[in-house]
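[1] generate coordinates for the sequence data below:
(4 chains)
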2 protein chains.
Amino acid sequence: MTPHPTVFIVDDDAAVLKSLARLLRSARLDVLAFGSPQEFLERHDPRAPGCLVLDLAMPGLNGLELQAALMAKGSTIPIIFLTGHGDIPTSVQAMKRGALDFLTKPVKDDDLLQSVKAAIEQDRTARQARAELDDIQARLATLTQREREVLIHVVSGQLNKETAAELGTVEKTIKVHRARVMEKMKVDSVVELVRLTERAGIGGK
Amino acid sequence: MTPHPTVFIVDDDAAVLKSLARLLRSARLDVLAFGSPQEFLERHDPRAPGCLVLDLAMPGLNGLELQAALMAKGSTIPIIFLTGHGDIPTSVQAMKRGALDFLTKPVKDDDLLQSVKAAIEQDRTARQARAELDDIQARLATLTQREREVLIHVVSGQLNKETAAELGTVEKTIKVHRARVMEKMKVDSVVELVRLTERAGIGGK
DNA sequence: CCCCGTATTGGACTAAAGTCCAATATCCGT
DNA sequence: ACGGATATTGGACTTTAGTCCAATACGGGG
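    Here you go, the predicted structure:
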């Protein structure tokens, strides 16, 4: 079902790459190593679960740039920076942009493993939340334009008669749309409907 | 009404303290300077809006310890660290624990001002959110035990008859409680009630 | 012992929502 | 032009929820 989480490693130093891969594999983790950020950026599938262990200083694209590029591509993979010559402003920058951790070489095996585990866990919960959201969106997508309008009014707490007036139709019609909305959204109470739409950012106030 | 936001500065170096205070005051900010973390910890009122500019290395309590102490006290004041001799692990640690920024001395005036402004703004929105939550909690506090139970069932999407059965009473009684709940919570639709309780972490699923 | 807050219940309706069955009226694409 | 999706509306009820007025019951406090 859900593929195994993978630890992606990007480092231009082949020796480091190999050593990191060995450490992680010894902890029963699936590892995929990349020798350059470009390679990772091109080949990485954002749908793959896991986390990224990223060297900061690399030729071509540095770590922060790769982080930005991934963000731009919509990837939300948790990133753990690893660097030998970083400075404070860079680390702070990385953390502010959402990096999960920022470790310095030489890194203690246990520190890295701990961080990787936390990253994988966070990716897992983020993906789960995302999946639920996608599910809601999928249901929303089955609604017709009119049904969507009615939905908005319903989760705004309006009465059918009010909705009817605002949409230029009669209460009876609204009831029909409303029933279809409940059915398509797979809920059996307005309360559930409110919770769903709330998560999807609809209706608010 | 809402008091002016204040920038609290804590630094054991009197010269730095004075210079920072002057810079911030020149930007029309209210400033309160403290020469030691203990002093700040004792005298700071968590209700005061603003942010904290904190030197990392200080005798007695260092910056991170003060951060922890404030957190333990329930203070959510945004913290901007300022340090001359910090290292990456410390900065990362501070950021992970919620620091808003971590700057290095000598700091560019503009960097600090920018950060302080962001911190004040974040404090403002956090306080606003908190105030709304407190308001909801206050209303919840006016409910009787029974009314609270009914509330839970209502925002779970149950019918009055179901609630009645589970609470060992009749539908009529539930209606009365329910009406009182709506009145005390100051809402006029179940939809609003769901949104309120959602924010207060009640009912979920 | 009486008053107040709380919990309950009845009666009598009004309002709102939901359910079935059925019937038009468009618009769109094959 | 025909079939399907979409939007609308009616009629006829059944369920739920909400509203008013009233009344009983219980536990504390004053």
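
[2] need the contact list for the nearest residue to residue A:83 once chain neighbours are set aside.
    Nearest non-adjacent residue to residue A:83, counting by CB to CB, 6 or more residues apart in numbering or on different chains: residue A:56, 3.6 Å away. In this view, the C-beta of every residue, glycine as well, is placed from N, C-alpha and C. Neighbouring residues of residue A:56 by CB atoms under 8 Å, 6 or more residues apart in numbering or on different chains: A:62, A:63, A:64, A:81, A:82, A:83, A:85, A:86, A:90, A:94.

[3] which SS class is residue A:102?
    With DSSP: H, G, I helix; E, B strand; the rest coil as the basis, residue A:102 sits in strand.

[4] need the contact list for it.
    A:80, A:81, A:83, A:86, A:91, A:94, A:95, B:88, B:92.

[5] partner residues bridging it?
    residue A:81 (DSSP bridges).

[6] circling back: and the gap between the residue nearest to residue A:83 and residue A:37?
    Separation of residue A:56 from residue A:37 (CB to CB, to the nearest Å): 11 Å.

[7] can you pull the residues of chain A lying near DNA strand C?
    For chain A, the contact set with DNA strand C under CB under 7 Å from any atom of the strand comprises A:159, A:160, A:161, A:175, A:176, A:178, A:179, A:182, A:190.

[8] just these now: which is nearest chain B?
    residue A:190 (6.5 Å; CB to the nearest CB).

[9] who touches both of residue A:56 and residue A:37?
    With CB under 8 Å, 6+ apart, residue A:56 and residue A:37 have common neighbours A:62, A:63.

[10] mean confidence score for stretch A:157-164?
    Mean per-residue pLDDT for stretch A:157-164: 95.

[11] buried residues, that stretch. List them.
    Buried residues in stretch A:157-164, counted by 16 or more other CB atoms under 10 Å in any protein chain shown: A:157, A:158, A:160, A:163, A:164.

[12] out of those, who's nearest residue A:195?
    residue A:157 (13.9 Å; CB to CB).

[13] quick one: secondary structure of the closest one?
    coil.

[14] now do the contacts for it.
    B:188, B:189, B:190, B:191, B:192.

[15] counting only helices, which of these make the cut?
    B:190, B:191, B:192 (DSSP state H).

[16] what's the burial count for the first one?
    To tie it back to what came earlier, the one meant is residue B:190. Using other CB atoms under 10 Å in any protein chain shown, residue B:190 has 18 neighbouring residues.

[17] mind pulling the model confidence for residue A:37?
    93.

[18] got JSON lines for the buried residues of stretch A:157-164, with distance to residue A:135 too?
    Formatted as JSON lines, those follow (distance: CB to CB, whole Å):
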{"residue": "A:157", "distance to residue A:135": "25"}
{"residue": "A:158", "distance to residue A:135": "26"}
{"residue": "A:160", "distance to residue A:135": "27"}
{"residue": "A:163", "distance to residue A:135": "26"}
{"residue": "A:164", "distance to residue A:135": "30"}
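
[19] cool, thanks, talk later.
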